[in-house]
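>>> Sequence first, then the predicted structure:
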Amino acid sequence: MYDTATVHNGTSGIVPGDSGNFKIKLNSTGSGVKISYKVKFSGSDMPSNLKFYLDSAKTSAVDFTNYTLEGTLDVNASKEYSIYWEWPYDSGEGNVEDINYQGKSFTIDVNIEGTQVK
């Protein structure tokens, strides 16, 4: 996510106040049949105010501690998901949690599986 951040505040990692987006690209080129896919996100120990969205307007947050995108690709088709994220700076009650993440890491796993459809 660091590579996609629009603000770095002079740090080597993402920090409160940063935001960005990344893409998940799926492709069925070369398949003779449709492909059913699942893109599974699982994260742990993430800041509670680190939010993920599937739209650039950021209208509805998605819980990436356990979330799955599903669909079917036609033969020789592609699909691209843009994932938007932001970690708002909070100078109020949430600031204590932001400080608790100083110098720490967290992981978001992405598992993509595809199954041929007859």
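The structure has been received and is ready for your questions. Everything quoted here is computed from the prediction, not taken from an experiment.

>>> for the protein, which residue is closest to the average position?
The geometric centre of the chain, computed from its C-alpha atoms, lies nearest to Ile83 (C-alpha atoms, centre = their mean), at 5.0 Å.

>>> gap between whatever helix or strand that one lives in and the chain center?
If you go by DSSP states H and E, Ile83 is part of strand 78-86. Its chain's average C-alpha position is 7 Å from that of strand 78-86, according to C-alpha atoms, centre = their mean, to the nearest Å.

>>> Please identify the buried residues of that strand?
Lys79, Ile83, Tyr84, Trp85, Glu86 (16 or more other C-beta atoms under 10 Å). Every residue, glycine included, has its C-beta placed from N, CA and C.

>>> Would you format the residues you listed as a markdown table with distance to Tyr67 included?
Formatted as a markdown table, the buried residues of strand 78-86 follow (distance: C-beta to C-beta, whole Å):
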| residue | distance to Tyr67 |
| --- | --- |
| Lys79 | 16 |
| Ile83 | 10 |
| Tyr84 | 14 |
| Trp85 | 13 |
| Glu86 | 16 |
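
>>> got a list of contacts for the helix-or-strand element of the chain with minimal mean pLDDT?
Every helix and strand of the chain was ranked by mean pLDDT, DSSP states H and E. The lowest is helix 95-100, at a mean of 73. By C-beta atoms under 8 Å, 6 or more residues apart in numbering, the residues outside helix 95-100 that reach it are Pro16, Pro47, Ser48, Asn49, Tyr89, Asp90.

>>> burial measure for the fifth one, as a count.
Look at Tyr89: counted by other C-beta atoms under 10 Å, it has 15 neighbours.

>>> which phi and psi does it have?
Tyr89 has phi and psi values of phi -80, psi 130 when expressed as degrees, to the nearest 10.

>>> wait, Thr107 sits on Phe64?
No. Using C-beta atoms under 8 Å as the test, Thr107 is too far from Phe64 to be in contact (10.9 Å).
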